[in-house]
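Asker: Sharing a model prediction with you, sequence too.
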Number of protein chains: 2
Amino acid sequence: MIWAVVMAGGSGTRFWPLSRSERPKQLLPITGKRTMLEETVARLSPLIPAERILIVTQRSHQRQIRKILKHVPAKNILAEPCPRSTAPCLALAALHIAKRDPSAVFAALPADHLISNAPLFRHHLKVACSQAAKGRHVVFGIPPSVPHTGYGYIACRGKAGVSRGIELYDGLRFVEKPSLRKAKAFLKSGKYFWNSGMFVWEVSFFLRSMQKALPQMSRGLAAIKDSLGTTKEQQVLNRIFPSFPNISIDYGLMEKAAGLCVVKAKFEWSDVGSWQELEKITSSDRDGNAASGKTLILDSRGNVVKSGKRLIALLGVDNLIVVDSEDALLVARKDRAQDIRKLVDELGRRNMRQYL
Amino acid sequence: MIWAVVMAGGSGTRFWPLSRSERPKQLLPITGKRTMLEETVARLSPLIPAERILIVTQRSHQRQIRKILKHVPAKNILAEPCPRSTAPCLALAALHIAKRDPSAVFAALPADHLISNAPLFRHHLKVACSQAAKGRHVVFGIPPSVPHTGYGYIACRGKAGVSRGIELYDGLRFVEKPSLRKAKAFLKSGKYFWNSGMFVWEVSFFLRSMQKALPQMSRGLAAIKDSLGTTKEQQVLNRIFPSFPNISIDYGLMEKAAGLCVVKAKFEWSDVGSWQELEKITSSDRDGNAASGKTLILDSRGNVVKSGKRLIALLGVDNLIVVDSEDALLVARKDRAQDIRKLVDELGRRNMRQYL
């Protein structure tokens, strides 16, 4: 059976003032009317029913997510005792899946990505699952459109085949965020894809691979596995999980993985990494303003505007990000979107913690 | 006795989104904690007591002003039946004063100017009143600091004298908003002052002068005068006031006036004509940001920021006006401050009247 693990543990600051510590990006309706997490879960239906979707999140968001995702069984919403990167997160989820369905194949999906064509995405998922069922590491590779220096890349050997209309590549290795010069060469070569952070594995193969790649987690994972369904489950998790390394699945497993299958994505994808990204995914007016909510825009070009309950009026301004929230308002130069983190850090330093 | 007429009839749009049709600039705390009208009235004390201060406003603001200025007798707050410029406004107020104190001298003062040194201002007022008592038109002239093209100027013959430390000039004529070339020449000459729009007259001299300068108002003014204190007063005013020409005191009276006395202002003055003006009158940080309210400003220069209840955060932006209000937010390029009017017009056209 096909399962999904939705990774919803992030606490991003790049969408301040909308994203807050208690309301990170995946719990916000950044790209639509529903939260990104809801969109991510909805996108899987009917291929993967709610009963086979696990959500892994921070303890402080567990209750909120149970409310948002009423149709997902409460026991499927797992809470990490403390923040760790994606390797411990997926290992924990895999143990739960393996206990309930030892022959499962599962997709690991970030909760906060935008994919507009859900049927096309599910078609890719099916193809990826068939490949994973052969005992391979499968990753969705996004054909790069620009020499992006903010993404990791996957180097490939060239096309390995086509399955039900979807191109497959043999992956050679994961490459961390490149320089612009390298990114340009990657783009030109046609053999490099963006690492989408979406993976598919057989659960048994995944757990065996983790044991080899991250042997320091083996004993802890065995203990958690034994505790599942017992009265000690929570206690064991609380004790062991914090001892796991804070390591991503990319770095902990995939960079060492052999037999990597890259499924080339034909669907449109965005990790919606910053307010600036909204520009690409929101329809713009003829002056290139990507605006949502109540706005009045005069003599202004290239702005990203997100209004909440109130009207935002722009006059004669270009290339700004303007975002309104209940208690705080952001005006930033568009090309400084990555530095919103700095601003949030500053809030902490200046005793303005109520805005975090 | 010295009286004051505070002209509070304006319905400015240049301070949108704070200024609204029901809350024009003079009823807003633009420059301090109190409304500009309150500041204007307070500035007169103790020279002119509340009993001798008349406020002329629109009917729709009368009640609000009575609430704000509790110490001013209700009968002193006059309402114009319809908006007219300053000549009809001052004529109406002068009739009221003349009836109560035929030998009065009165100062005509806009309700929405900023003058920071009140004692110094009152000293000027005293000097101006002594000059007015000689049967002259007296106007406060502001020595220009820049070749401003947004103000009217008063051309003078050169210094006529000094009274109690205040320089007096013989005025030659009023000059409408000049070109930049002319404004530069005015500045250089030292014989041109900005027309502050603040005047002082003997009330009897004023009314006689109005009769000569605007004879078309004579019959109407006589009728209003006769009705004052009778049961017909309101009815007569409603009938006659709308027939008055929509003409300013500058254009209707002062441009034709002979024997003009210009009192050179030593006090700091601003008509606070736009958000941009706040820059000059608000203390700025070392990056030249004039900010008030809760703000967090990073890597940004030369901005004018006015926050309401919420935090305004700026990141990497320069020379903007950012103003927050309960239901609307403005982000404008600073040098477009004069065009905020356009924006307000557009609100009307786009069926967004709730923001007017």
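Answerer: Looks like it arrived, so ask away.
Asker: my read: residue A:192 touches residue A:158, true?
Answerer: No. Using C-beta atoms under 8 Å, residue A:192 makes no contact with residue A:158, being 11.3 Å away. Every C-beta, even on glycine, is put in place using the N, C-alpha and C of the backbone.
Asker: The two: which has the busier surroundings?
Answerer: Legend: neighbour count by other C-beta atoms under 10 Å in any protein chain shown for residue A:192 and residue A:158, higher for residue A:192 (23 against 10).
Asker: how about the spatially closest residue to that one that is not a sequence neighbour, what does it touch?
Answerer: In this structure, residue A:192 finds its nearest non-sequential neighbour in residue A:186, 3.7 Å apart by C-beta to C-beta, 6 or more residues apart in numbering or on different chains. The contact partners of residue A:186, by C-beta atoms under 8 Å, 6 or more residues apart in numbering or on different chains, come to A:144, A:147, A:153, A:155, A:175, A:178, A:192.
Asker: what do you get for residue A:352?
Answerer: B:296, B:311.
Asker: I'd like to know how far it sits from residue A:344.
Answerer: Look at residue A:352 and residue A:344: by C-beta to C-beta, to the nearest Å, they are 10 Å apart.
Asker: And for residue A:286?
Answerer: Taking C-beta to C-beta, one finds residue A:286 at 33 Å from residue A:344.
Asker: Repeat that for residue A:79.
Answerer: 24 Å.
Asker: same question, residue A:88
Answerer: 25 Å.
Asker: now swap in residue A:319 and tell me
Answerer: 21 Å.
Asker: go on, residue A:296?
Answerer: Distance from residue A:296 to residue A:344, by C-beta to C-beta: 28 Å.
Asker: same check, this time on residue A:28
Answerer: 15 Å.
Asker: Setting aside sequence neighbours, what's the nearest residue to the residue in the stretch 151-300 of chain A that chain B sits nearest to?
Answerer: Residue nearest to chain B within the stretch 151-300 of chain A (C-beta to the nearest C-beta): residue A:298, separated by 5.7 Å. Among residues not flanking residue A:298 along the chain, residue A:315 sits closest, at 5.1 Å (C-beta to C-beta, 6+ apart).
Asker: now do residue A:5
Answerer: Using C-beta to C-beta, 6+ apart, the closest residue to residue A:5 is residue A:93 (4.1 Å).
Asker: does that neighbour count as helix, strand or coil?
Answerer: The three-state assignment at residue A:93 reads helix, by DSSP: H, G, I helix; E, B strand; the rest coil.
Asker: Wait, it touches residue A:54, no?
Answerer: Yes. Contact criterion C-beta under 8 Å: residue A:93 and residue A:54 qualify, at 4.9 Å.
Asker: Now for those two: what residues contact both?
Answerer: In contact with both residue A:93 and residue A:54: A:5, A:78, using C-beta under 8 Å, 6+ apart.
Asker: Which helix or strand lies directly C-terminal to the helix or strand containing residue A:125?
Answerer: Element membership of residue A:125 [criterion: DSSP states H and E] is helix A:118-132. Note on helix A:118-132: by DSSP H and E, the next helix or strand toward the C-terminus is strand A:137-142.
Asker: strands paired with that following strand, and their directions?
Answerer: strand A:192-202 (antiparallel), strand A:260-264 (parallel) (DSSP bridges).
Asker: got CSV for these, with mean pLDDT too?
Answerer: Formatted as CSV, those follow (pLDDT from 0 to 100):
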stretch, mean pLDDT
strand A:192-202, 97
strand A:260-264, 97
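Asker: mind putting the ones you listed in TSV, distance to residue B:323 included?
Answerer: Listed next are the strands paired with strand A:137-142 as TSV, based on distance: least, C-beta to C-beta, whole Å:
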stretch	distance to residue B:323
strand A:192-202	41
strand A:260-264	49
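Asker: Just confirm residue A:18 contacts residue A:28, I think it does.
Answerer: Yes. Between residue A:18 and residue A:28 a contact is recorded at 5.3 Å, counting by C-beta under 8 Å.
Asker: Tell me which of these two has more neighbours.
Answerer: Higher neighbour count among residue A:18 and residue A:28: residue A:18, with 21 against 18, using other C-beta under 10 Å.
Asker: Three-state assignment for the more buried one, please.
Answerer: Secondary structure of residue A:18, per three-state DSSP, is coil.
Asker: how about it, what does it touch?
Answerer: A:28, A:30, A:306, A:323, A:325.
Asker: Please look at the last one and residue A:309 and confirm they touch.
Answerer: No. Taking contacts as C-beta under 8 Å, residue A:325 lies outside contact range of residue A:309: 9.5 Å.
Asker: Would you mind telling me which of these two has more residues around it?
Answerer: Here residue A:325 and residue A:309 are set side by side on neighbour count (other C-beta under 10 Å), and the busier one is residue A:325, at 22 against 10.
Asker: Ramachandran coordinates for that one?
Answerer: Main-chain torsions, residue A:325, degrees, to the nearest 10: phi -140, psi 180.
Asker: What is the lowest-mean-pLDDT helix or strand in chain A packed up against?
Answerer: When each helix and strand of chain A is scored by mean pLDDT, DSSP states H and E, helix A:278-281 comes last, with a mean of 83. Counting contacts by 3 or more C-beta pairs under 8 Å, 6 or more residues apart in numbering or on different chains; DSSP states H and E, helix A:278-281 packs against strand A:304-306.
Asker: Can you name every helix or strand that the strand it packs on contacts?
Answerer: helix A:278-281, strand A:290-292, strand A:320-324.
Asker: So for the longest one, mean pLDDT?
Answerer: Rounded to a whole number, the mean pLDDT of strand A:320-324 is 97.
Asker: What angle do strand B:320-324 and it make with each other?
Answerer: Counting by axes from the mean of the first three to the mean of the last three C-alpha atoms, to 10 degrees, strand A:320-324 lies at 10 degrees to strand B:320-324.
Asker: In the sheet, which strands lie alongside strand A:320-324, parallel or antiparallel?
Answerer: Strand A:320-324 is paired, per DSSP bridges, with strand A:304-306 (parallel), strand A:328-333 (antiparallel).
Asker: Same question for the second one.
Answerer: As defined by DSSP bridges, the strand partners of strand A:290-292 come to strand A:304-306 (parallel).
Asker: The nearest residue to residue A:128 once chain neighbours are set aside: how many residues sit nearby?
Answerer: Excluding the flanking residues, the one nearest residue A:128 by C-beta to C-beta, 6+ apart is residue A:200, at 4.3 Å. For residue A:200, the count of nearby residues is 29 (other C-beta under 10 Å).
Asker: what's the answer for residue A:225, then?
Answerer: Counted with other C-beta under 10 Å, residue A:225 comes out at 17.
Asker: Spell out which parts of the stretch 251-356 of chain A neighbour chain B.
Answerer: Contact residues, the stretch 251-356 of chain A versus chain B (C-beta under 8 Å from any C-beta of the partner chain): A:296, A:298-299, A:307, A:309-317, A:320, A:322, A:324, A:326-333, A:335-336, A:339-340, A:342-343, A:346-347, A:350, A:352, A:355.
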